[in-house]
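Peer 1: Build me a structure from this.
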Amino acid sequence: MAKPAILVTGGAGYLGSVLVNLLLNEGHSVRVLDALRFGGESLLGCWSHSSFEFVRGDIRDLDAVRACVKGVRAVVHLAAVVGDPACSKQPAEAREVNLDASLRLFDECCRAGTAAFIFASTCSNYGVTAPENEYATEASELAPLSLYAETKVQGERKILAGTATHGTKVVVLRFATLFGASPRMRFDLTVNEFTMQMLTKKHLFVYAAETWRPYIHVLDAARAVCAALNSPDTARGQVYNVGSTAENYRKRDIVRLTEAQLPDARVEYGDCGPDPRNYRVCFNKISQDLGFSTTRTVPVGIAEIIHLLQSGVIRTPDDPHYRNC
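Peer 2: Okay, the predicted model is just below:
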């Protein structure tokens, strides 16, 4: 018999579609709420699963939210306008979805007696780590440099503040930059994009090559959500960086790792770009508290994307369908 239901908002997305399959394989019953902004093909693999339920709807629709949280044990809130470019293009919608609707969703979960609420956030909240050789921890000052990060920081703070008055267990997950293959594939993420450009165009132009980011494979990110869902009560109200300290790289490092597998590509560098973020992150807390560790490295992800494209599984990676903006 399936375990009590889990609601995944944004379950048709890049991370969500991987997570839904993982949860179903672990024996959970899963309900997905998604507006299908980028289509629903990513859910075809689990469509006929007896423990899968889909509801098409926007998390700004309070009636849809109330119906979806009814009877579920836990909510994994992934639905968002994701990424700096997408939020900059549609700032009003980004605030409505990422902040206002997220807070209403949490309130409805508390009213419905939902046991756990997993809130997807981002390591972009750290903005710039200073001094340069310092690694951000969950206790570091937050300095969001984009609307996307601003909405996540505000959402974190307001939802965590509600844990003192509500019984719902909240766990916040600040994800490193994702990479790797997913049923809802994206080629606007650094590792995926660099690999695609260097393979298909034989050319890549890189801005701000010395800037740092942490990276995590999308499957490991989904595994971290499962770890949060299965976490002890001591995780209540906690924030966890999600990734591996060893997987902090400069953009120049990502290029070199890709060149090792695609040596024929030509790479050019520019001195500056529109993205001022520059941060390295420590991931010890999630390992110590939840026993979580990553299983796939950036070089493995690069090889995965190369094989995905060379096999012809995706023939038009330049299609806007594979980008959030």
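
Peer 1: Would you agree residue 54 is in contact with residue 32?
Peer 2: Yes: proximity of residue 54 to residue 32 meets the contact threshold set by Cβ atoms under 8 Å, at 5.1 Å. (Glycine included, C-beta is placed from N, CA and C.)

Peer 1: ok, those two, which is more surrounded?
Peer 2: Neighbour totals were compared for residue 54 and residue 32, and residue 32 leads with 28 against 18 (other Cβ atoms under 10 Å).

Peer 1: Name the helix or strand for that one, please.
Peer 2: strand 28-34 (DSSP states H and E).

Peer 1: contact partners of that strand?
Peer 2: Strand 28-34 is contacted by residues 2-13, 16, 20, 23-24, 40, 43, 46, 51-57, 59, 64-65, 68, 72, 79 when judged by Cβ atoms under 8 Å, 6 or more residues apart in numbering.

Peer 1: one step back: hey, what's in contact with both of residue 54 and residue 32?
Peer 2: 11, 43.

Peer 1: I figured residue 151 hits residue 87, correct?
Peer 2: Yes: Residue 151 is in contact with residue 87 according to Cβ under 8 Å; the separation is 7.2 Å.

Peer 1: For the two, list the residues in contact with both.
Peer 2: 94, 98.

Peer 1: Which helix runs longest in this protein?
Peer 2: Looking across the chain with DSSP state H, the single longest helix is helix 147-161.

Peer 1: So in that sheet, which strands flank the helix or strand just after that one, and in what orientation?
Peer 2: Following helix 147-161 in sequence order, the next helix or strand is strand 169-175 (DSSP H and E). Applying DSSP bridges, strand 169-175 is found paired with strand 116-122 (parallel), strand 238-242 (parallel).

Peer 1: how about the ones you listed, which one is nearest residue 139?
Peer 2: Among those, strand 238-242 comes nearest to residue 139, with 9.0 Å by Cβ to Cβ.

Peer 1: Next secondary structure element downstream of the closest one?
Peer 2: From strand 238-242, the next helix or strand downstream (DSSP H and E) is strand 248-250.

Peer 1: packing partners for the very next helix or strand once past that next one?
Peer 2: Under the assignment DSSP H and E, the closest C-terminal helix or strand after strand 248-250 is helix 251-259. Counting contacts by 3 or more Cβ pairs under 8 Å, 6 or more residues apart in numbering; DSSP states H and E, helix 251-259 is packed against helix 190-200, strand 203-207, strand 266-270, helix 298-310.

Peer 1: for the very next helix or strand once past the second one, the distance to its chain's centre please.
Peer 2: Later in the chain than strand 203-207, the nearest helix or strand by DSSP H and E is strand 212-217. Taking Cα atoms, centre = their mean, to the nearest Å, one finds strand 212-217 lying 11 Å from the centre of the chain it belongs to.

Peer 1: Tell me which of the helices and strands packed on helix 251-259 sits most buried.
Peer 2: For the helices and strands packed on helix 251-259, the largest average neighbour count (mean count of other Cβ atoms under 10 Å) is found in helix 190-200, namely a mean of 23.

Peer 1: could you check the angle helix 298-310 makes with that helix?
Peer 2: Here the directions of helix 190-200 and helix 298-310 differ by 50 degrees (axes from the mean of the first three to the mean of the last three Cα atoms, to 10 degrees).

Peer 1: roughly how far out does helix 190-200 sit from the chain middle?
Peer 2: Relative to where its chain is centred, helix 190-200 has its mean C-alpha point 19 Å off (Cα atoms, centre = their mean).

Peer 1: Repeat that for stretch 162-177.
Peer 2: With Cα atoms, centre = their mean as the basis, the mean position of stretch 162-177 lies at 15 Å from the chain mean.

Peer 1: And for stretch 126-134?
Peer 2: Its chain's average C-alpha position is 22 Å from that of stretch 126-134, according to Cα atoms, centre = their mean.

Peer 1: again, but for stretch 31-50
Peer 2: On Cα atoms, centre = their mean, the centre of stretch 31-50 falls 17 Å from the chain's centre.
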